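Engineer: Compute the structure for the input listed below.
(one chain, ligands or ions: 2)
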Amino acid sequence: MPDPTESASRRLLVRLRETLAEPAAGQERLDRITALIAEQMGTHVCSIYLFRDADTLELCATEGLKPESVHQTRLRVGEGLVGRVAKTARPINTGNAPQERGFRYMPETGEEIFSAFLGVPIQRLGERLGVLVVQSKEARQYSDDEVYALEVVAMVLAEMTELGAFVGEGEALAALHQRPVMFQGTVGQEGVAVGHVWLHEPRVVIANPIADDFETEMRRLHEAVDRLRVTVDEMLNAAPSGDKDQLQVLEAYRMFANSRGWKRRMEEDIARGLSAEAAVEKEQSAARARMQTVPDPYLRERLHDLDDLSNRLLRILTGQGEHTGAERPADPILIARNIGPGELLDYGRSLRGVVLEEGSVGSHAAVVARALAIPLIVNAQRITTEALNGDPILVDGEQGIVHLRPEETVATAFNDKIAMQAKAQQRYATIRKEPALTLCGQRIALHMNAGLMADLPSLESSGAEGVGLFRTELQFLVRSKVPKRSEVAALYARVMDAAEDKRVVFRTLDIGSDKVLSYMKPQDEPNPALGWRAIRVGLDRPGVLRMQLQALIRAANGRPLSVMFPFVAQLEEFRIARDHLMCEIDREGRLGRPLPEKVEIGAMLETPSMAFSPRQFYEEADFISIGGNDLKQFFFAADRENERVRRRYDTLNVSFLSFLEQIVKRCEDTGTPLSFCGEDAGRPVEALCFAAIGLRSLSMRPASIGPVKHMLRRSNLAEARAVIDTARASGAQSVRPAIMDWLRRRD
Ligand code: PEP
Ligand code: MG
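Structural biologist: Ligands and ions are numbered 1, 2, ... in the order given. This is a model prediction of the structure:
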């Protein structure tokens, strides 16, 4: 370990702190720092380059190069040695710079040919901010201690930039967290929202990166690591013994928490002049930089674990955490790296929107956000690094765009959009109690999709005629273990009570594929969407299915009951599932419990096979509901979760529309009630086309009922049908252009 009194880095840091304590504005402060570093390290040049935009670095301060080149000299990332440091986020230390690969001479700086070059990235937790460089005339190699010293100074610089200490001249000097930033993510749940940032896990702010007293910092680190170890042991003891995955993660945590290498590196950082928290962050930063380059997913996961552990250690050291004392804004938009469904439910509808750095459209959080009708964007890269509590933020859940600290013009345009939507909402409210009656006199039944008790008030406010799809898996997804039959029955009873005399179609558990229960043994399937899911699980392990069916019968308590089985792929599966229900009814009857006054047993049509099933399927099912989300992915062989292919095939593609029409015809032949409950039912143009090809019942998100009803009430289905038929006959790929054109002319 370096001698804490002797190391170059420590001496440099002590002087740096003195310099920083002197009052100075942004530029002057940078100038003083470069002068100090050059003097302390005995180099001819010291320069600070900061990112001006994602691809360009700007020389922002220098000691030794021409002062006129400051804010004039720019280079692209990857260009020259400085650009290479920025690109790779790794130091370059060479005694013979002109011989180095990629060396570029910049005459405008008055740069003589300096032989020695040492450049280190200025970064904070993997966020690249710039490059710090020293150069010397003589052909010397900087020592390890000097490299280290410069890295530590770069880290302190990053902290200060972060804290807004460098606000000053030049755009590149603007504090990072003051610039407007736009993120392009992926829509998890549609809708727009205006509000202020509320961080799920606020970042720890390190007020003093430079140690006052070496021994105190060492002691603080040791105490914090000890506490961390105890916490991890407690977590391990509390973990359910059957949960292998969780245990594995916690074992990895324990291994890191006890890792001598990790602790030793942090001790060395402190010996070189850093405070305990800065030492933790330095190692965390290094791990994050590695994380970005490690291709092996297992190793990346482990680095993630280490990252999480570092966060915990930082919280212990700083006393900061989820409760930083910041006040939650009245219009919170939650920002998180990722979030579990239970945590999101805890926030509930108090949130205006949610933006996740990771996550996916099919994640549980997305399922919950959908149920809560909160706009959700996933995949907004780097948002947790950029956003600070209280920042103004706009979420455009139609385009998948997030504007953080938006410019005034953007905010104005956005507010106009919201005002227009509010106006439309008022219009929808006026027809809430009206039927969805088309101009040609056809009545279309509009139902809503639900999955939580919290959805039920929408039944009244949206004007839905009933619940066309109640996704029962949500109750299972947000738990850490299988809920009890009594709990399940209580929820169903409350749902039926809230719906009063309106029909609620309960879909039995649809798990597997993207909806994985944390307490279910993970299946290592090459293709989970085509794997062991939904009714397949129910039929192979009927225990939970039967429990659910009993709960439904009990909840109905004599009232009518509608049950639907998901993901039926052949007639036999429907028959066996139906027999389970009949058995349970029989059993409940024998136990003397009240039986439902009427039972309807339906199936979801989500696999193309059922469109071609024997006629008996259509005769035996009391009703059929098309699960368009799944049906479409299998029809086009395009994964609904895969952003690359998800939007490639239009729902109004003539092949798909003709396929749907064929299902409509088969249902008409057998007199089987048919509905469509995939997301597309809630899109006005799609809904119109579905009605035009003969669908008479649609189930959708409550927020879509108004727009769909508005569209249907202004439309003549025979005319729409004629447009569709002409487009189909013309060999068009999709009927959308023709329908849109017709709507434009019509309106
Ligand atoms: C569907 O597949 O269209 C559907 C409604 O089911 P889920 O989205 O829950 O898979
Ligand atoms: Mg489905």
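Engineer: number of nearby residues for Ala422?
Structural biologist: Neighbour count for Ala422, taken as other Cβ atoms under 10 Å: 10. Where you see a C-beta, it was placed from the backbone N, CA and C, and this is true even at glycine.
Engineer: just the one 3 residues further on next, same as before
Structural biologist: Counted with other Cβ under 10 Å, residues neighbouring Gln425 total 12.
Engineer: Isn't it up against His710?
Structural biologist: No: using Cβ atoms under 8 Å, Gln425 is not in contact with His710, being 10.5 Å away.
Engineer: where's Glu573 relative to ligand 2, distance?
Structural biologist: For Glu573, the distance to ligand 2 equals 15 Å [Cβ to the ion, to the nearest Å].
Engineer: Now for the closest residue to that residue other than its chain neighbours: which residues touch it?
Structural biologist: Distances taken as Cβ to Cβ, 6 or more residues apart in numbering put Ile535 closest to Glu573, at 5.6 Å, once the chain neighbours are dropped. Applying Cβ atoms under 8 Å, 6 or more residues apart in numbering to Ile535 gives the contacts Thr508, Phe565, Pro566, Phe567, Val568, Glu573, Ala577.
Engineer: Among those residues, which ones are in strands?
Structural biologist: Of the contacts of Ile535, the ones assigned to strands by DSSP state E are Phe565, Pro566, Phe567, Val568.
Engineer: Compare these and tell me which has the most neighbours.
Structural biologist: In terms of neighbour count, Val568 stands highest of the ones in strands among the contacts of Ile535 at 30 neighbours, by other Cβ under 10 Å.
Engineer: How much space separates that one from Tyr253?
Structural biologist: Per Cβ to Cβ, to the nearest Å, Val568 is found 42 Å from Tyr253.
Engineer: ok, now Arg382?
Structural biologist: Here the criterion is Cβ to Cβ. By it, Arg382 lies 25 Å from Tyr253.
Engineer: between those two, which one's more packed in?
Structural biologist: Tyr253 (22 against 12).
Engineer: quick one: what helix or strand has the more buried one in it?
Structural biologist: Here Tyr253 sits within helix 244-257, counting by DSSP states H and E.
Engineer: Buried residues in that helix, which are they?
Structural biologist: Within helix 244-257, the residues that count as buried by 16 or more other Cβ atoms under 10 Å are Gln246, Val249, Leu250, Ala252, Tyr253, Arg254, Phe256, Ala257.
Engineer: now swap in stretch 567-582 and tell me
Structural biologist: Residues Phe567, Val568, Ala569, Leu571, Glu573, Phe574, Ala577, Arg578, His580, Leu581 are the ones in stretch 567-582 that count as buried (16+ other Cβ under 10 Å).
Engineer: Return the closest of the residues you listed with respect to ligand 1.
Structural biologist: Ligand 1 lies nearest to Phe567 out of the buried residues of stretch 567-582, by Cβ to the nearest ligand atom, at 7.9 Å.
Engineer: was I right about that closest one contacting Ala534?
Structural biologist: Yes: using Cβ under 8 Å, Phe567 is in contact with Ala534, at 3.4 Å.
Engineer: how far out from the middle of the chain is the longest helix along the chain?
Structural biologist: Longest helix of the chain, by residue count under DSSP state H: helix 214-238. Chain-centre distance of helix 214-238: 31 Å, with Cα atoms, centre = their mean, to the nearest Å.
Engineer: Not counting its own residues, what contacts it?
Structural biologist: 4, 211, 247, 250-251, 253-254, 257-258, 263, 266-267, 270-271, 274-276, 279-280, 309, 312-313, 316-317.
Engineer: for Tyr519, helix, strand, or coil?
Structural biologist: Recorded secondary structure, Tyr519: coil (DSSP: H, G, I helix; E, B strand; the rest coil).
Engineer: The spatially closest residue to it that is not a sequence neighbour: neighbour count?
Structural biologist: In space, Tyr519 comes closest to Lys481 once its chain neighbours are excluded; the distance is 5.0 Å by Cβ to Cβ, 6+ apart. When neighbours are counted by other Cβ under 10 Å, Lys481 registers 12.
Engineer: quick check, Lys481 in a strand?
Structural biologist: No: secondary structure of Lys481, determined by three-state DSSP: coil, with no strand assignment.
Engineer: How much space separates it from ligand 1?
Structural biologist: Note on Lys481: its distance to ligand 1, by Cβ to the nearest ligand atom, to the nearest Å, is 22 Å.
Engineer: cool, Leu652 as well?
Structural biologist: Applying Cβ to the nearest ligand atom to Leu652 and ligand 1 gives a distance of 16 Å.
Engineer: So that residue is in contact with Val685, correct?
Structural biologist: Yes: between Leu652 and Val685 there is a contact under Cβ under 8 Å: 7.4 Å.
Engineer: Compare those two and say which one has the larger neighbour count.
Structural biologist: Each of Leu652 and Val685 has its neighbours counted (other Cβ under 10 Å); Leu652 has more, 25 against 18.
Engineer: quick one: contacts for that one?
Structural biologist: Val685, Glu686, Cys689, Ser734, Val735, Arg736, Ile739.
Engineer: do the same with Val654
Structural biologist: Each residue near Val654 by Cβ under 8 Å, 6+ apart is listed here: Ala727, Arg728, Ala732, Gln733, Ser734, Val735.
Engineer: Just the local confidence number for it, please.
Structural biologist: As predicted, Val654 sits at a pLDDT of 98.
Engineer: quick one: it from Ile739, how far?
Structural biologist: Distance of Val654 to Ile739, given as Cβ to Cβ: 12 Å.
Engineer: which neighbours do the two share?
Structural biologist: Ala727.
Engineer: on that earlier part again, with respect to ligand 1, which of the buried residues of helix 244-257 is nearest?
Structural biologist: Nearest to ligand 1 out of these is Gln246 (Cβ to the nearest ligand atom; 26.0 Å).
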